[in-house]
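# give me a model of this one.
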Amino acid sequence: MPENYRTEEFKVEGEKVISKIKEIFHEGNIRKVIIKDREGKTLIEIPMTFGMVGVLIAPQLAAIGAIAALLTEATIVVEKTE
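Numbering: from 1, shown residues only. Prediction:
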């Protein structure tokens, strides 16, 4: 049976990317997180596997932090399961 999902987009300033990502992770039901630059180019795509929490997310947050430091504005695209 195919999984139903919906997408949400958030436009945030570069320095607020990490806090928004953490907020999204705490909401749950996340299938995938994509970060795009101002022009819409995908910079990083993080698939979420069932049960991915805490220590497993830390390396992705470090990578996102490095990317966010270079951005003035980013779009966060979130795929959530229904």
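
# and the helix or strand bottoming out on mean pLDDT in the chain, what other elements does it pack with?
With mean pLDDT, DSSP states H and E as the measure, the helix or strand of the chain carrying the lowest mean pLDDT is helix 58-68 (a mean of 76). The contact analysis (3 or more Cβ pairs under 8 Å, 6 or more residues apart in numbering; DSSP states H and E) places helix 58-68 against helix 17-27, strand 30-36, strand 42-47. For the C-beta atoms, the positions are set from N, CA and C on the backbone; glycine is no exception.

# what's around residue 39, how many residues?
Residues contacting residue 39 under the criterion other Cβ atoms under 10 Å number 6.

# the next helix or strand after the least confident helix or strand of the chain: partners in the sheet, and parallel or antiparallel?
Counting by DSSP states H and E, the element after helix 58-68 in chain order, helix or strand, is strand 73-81. Partner strands for strand 73-81, per DSSP bridges, with pairing direction: strand 5-13 (antiparallel), strand 30-36 (antiparallel).

# can you give me the buried ones in the longest one?
Residues of strand 5-13 classed as buried under the neighbour-count rule (16 or more other Cβ atoms under 10 Å) are residue 12.

# show me how far that strand is from its chain's centre.
9 Å (Cα atoms, centre = their mean, to the nearest Å).

# would you turn the helices and strands packed on helix 58-68 into JSON lines with distance to residue 63?
As requested, those are arranged in JSON lines below (distance: least, Cβ to Cβ, whole Å):
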{"stretch": "helix 17-27", "distance to residue 63": "11"}
{"stretch": "strand 30-36", "distance to residue 63": "10"}
{"stretch": "strand 42-47", "distance to residue 63": "6"}
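
# who wins for proximity to residue 82 among the ones you listed?
Closest to residue 82 of the helices and strands packed on helix 58-68 is strand 30-36 (Cβ to Cβ; 9.9 Å).

# relative to residue 3, how far out is residue 19?
28 Å (Cβ to Cβ, to the nearest Å).

# compare the two (neighbour count), which wins?
Ranked by neighbour count (other Cβ under 10 Å), residue 19 and residue 3 place residue 19 first, with 11 against 8.

# what's the pLDDT at the more buried one?
Looking at residue 19, its pLDDT is 86.
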